[in-house]
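Q: I would like the atomic coordinates for the input below:
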Amino acid sequence: WHHVLCTHSVASGKAAMYVDGAKVGESDFVKTTCKGAALGIGGIPGQQVGNPLHGDIDEVRISNAVRTPEAAAGGPYEKDDSTSLLLHLDEGRGVVRVGGAYPGGIQPPGFFAANGTLYAAYDLLERYCGVRWYAPGDLGTVYNVTGDLKVSGTELRRKPQMRHRWITPGPVYLPGPPDVVSPAKAELWKLRMRIGGESFWTCHSFGGYYDRFQKDHPDWFAQGYPGTPPQPCFTNPAFRQQLIQDAEDFFSGKGSQPGASNAGEYFGIVPQDNNSFCKCPACQALMDEADRANQQFSRGVASDYVFDLVNAVAKATARTHPDKMISALAYADYAYLPKNVKLEPNVAIQMCLHTRNWWAPKLAENDQRIFNAWVNESQGKRPLYLWLYYNFPAFMDQAAGFKAFPGFFVHTAIDQMAVYHMAG
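A: Numbers count the residues shown, from 1 in each chain. Presented below is the predicted three-dimensional model:
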């Protein structure tokens, strides 16, 4: 075991780190904008822990005073007036007991735990007791105050229509920026909204390849660009073999590499978030040049190109891990069904649809074309997921610095959900 102490002092303007009582580093303290943000201990929180610590952690304490190495050493700790958070981590397994942040001092179960009993309790409160959770915290909790509580009803057995339900992580504001809801309250509210189910995550997945391979394998990256290449070269045989190895390692329980987007039974393969693909002849030969005239954000210029790579990894991993899946986004220049690539059965697709903006007829028509094409191709056999952009117009007004009228579209969202349910 090793004892690690990190301190920062506003008074001295210094931050320092100590290992086993000895100072190993010091720098100027720079004030951050992390107030109200979630704190990850041992890794970056999410459906799958990112950049996890490979080791054990015990006796975690956060203080509101600068402790000396002599006073901070040892353990187990006792809570004192300077203790903001204390975790003994003695539970053995299950949820960690955290004082103060959560009701009763008990952290709720994870989003992707077996939450059937919890959902049944929520259903009882909503269906028979009139409880509503419109927003996190007391402001959004509505119920009738009564001296007696009488509940009657019949036995119900049901399951969520959609096996994966998720909200992209980010701060929740109430009533609006800069008023951030505490992570504990936001997490509890998301559970009450039945966020969770099957663990699944697929997103841009090659961010870690630059640190891992660019120095020794520059040919693995997009050709024809100055500076840092915007993408890997998807047709490079050695790059493909490395991607296959990463997938097989993940499926074998060896964990994810930095920058990957994997969860549960799924290994994600998604380009970086741009359409600047490799200009080498082999890559360009797979582009649909005719579709470049398409002015929609979601189109098919690179569908054959991207899904040719996805298929290559899917074929290889099907031989070694036939019960696992390769997952990909249908997004931006690779949103359309590929024309010349017949996808392997162990490929799952998450369609990225701009459903909040279906007030624009051409955009709605294009999104519906994408949705119908993938649903028809799957024939009920391919796992299909949805990435729905509900973040407009708030995303644009925060980026541009203006105030937009709130994007109410609850009736449209309900109608859209009915379509998704009917499609399976």
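Q: which element is Leu5 on?
A: Here Leu5, judged by DSSP states H and E, is contained in strand 4-9.
Q: List the contacts of that strand.
A: Under the criterion CB atoms under 8 Å, 6 or more residues apart in numbering, residues 14-19, 29, 66-67, 69, 72-73 lie in contact with strand 4-9. Every C-beta, even on glycine, is put in place using the N, C-alpha and C of the backbone.
Q: Mind picking the two most distant members of those?
A: Pairwise distances among those were taken by CB to CB; the largest, 22.5 Å, belongs to Phe29 and Ala73.
Q: Between those two, tell me which one has more neighbours.
A: The neighbour count for Phe29 versus Ala73, taken as other CB atoms under 10 Å, is higher for Phe29 (16 against 13).
Q: measure that one to Thr83 for me?
A: Phe29 sits 21 Å away from Thr83, going by CB to CB, to the nearest Å.
Q: Please apply the same query to Asp291.
A: 60 Å.
Q: Let's see the helix or strand hosting Ala186 as CSV, backbone CA atoms only.
A: Assessed by DSSP H and E, Ala186 sits inside helix 183-192. Coordinates of each C-alpha in helix 183-192 appear next as CSV, following Å, rounded to 0.1, in the frame of the first residue of the first chain:
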residue,chain,number,x,y,z
PRO,A,183,-24.9,15.1,-9.2
ALA,A,184,-26.5,13.1,-6.4
LYS,A,185,-30.0,14.7,-7.0
ALA,A,186,-29.6,14.4,-10.8
GLU,A,187,-28.6,10.7,-10.5
LEU,A,188,-31.6,9.9,-8.3
TRP,A,189,-33.9,11.7,-10.7
LYS,A,190,-32.6,9.8,-13.7
LEU,A,191,-33.2,6.5,-11.9
ARG,A,192,-36.8,7.6,-11.2
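Q: for it, packing partners?
A: If contacts are counted by 3 or more CB pairs under 8 Å, 6 or more residues apart in numbering; DSSP states H and E, helix 183-192 sits against no helix or strand.
Q: downstream neighbour of the worst-scoring helix or strand of the chain on mean pLDDT in the secondary structure list?
A: Within the chain, no helix or strand scores below helix 394-400, which has a mean of 79 by mean pLDDT, DSSP states H and E. Using DSSP H and E, the helix or strand that directly follows helix 394-400 along the chain is helix 410-422.
Q: Show me what that following helix is in contact with.
A: Helix 410-422 is touched from outside by 161-162, 355, 358, 371, 386, 390, with contacts defined as CB under 8 Å, 6+ apart.
Q: pLDDT (mean, whole number) over it?
A: Average pLDDT, helix 410-422: 92.
Q: Show me the shaky parts of the protein.
A: Applying pLDDT under 70 to the chain flags residues 33-38, 44-51, 91-105.
Q: Show me where it has its helices.
A: Taking DSSP state H as the test, the helices found in the chain are 69-72, 116-129, 183-192, 209-213, 237-251, 281-284, 303-320, 361-378, 394-400, 410-422.
Q: Just put the ones you listed in a markdown table and tack on mean neighbour count and distance to Lys79.
A: Converted to a markdown table, the helices of the chain look like this (neighbours: other CB atoms under 10 Å; distance: least, CB to CB, whole Å):
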| stretch | mean neighbour count | distance to Lys79 |
| --- | --- | --- |
| helix 69-72 | 14 | 14 |
| helix 116-129 | 14 | 29 |
| helix 183-192 | 20 | 18 |
| helix 209-213 | 17 | 40 |
| helix 237-251 | 18 | 40 |
| helix 281-284 | 15 | 59 |
| helix 303-320 | 20 | 49 |
| helix 361-378 | 16 | 53 |
| helix 394-400 | 13 | 39 |
| helix 410-422 | 12 | 45 |
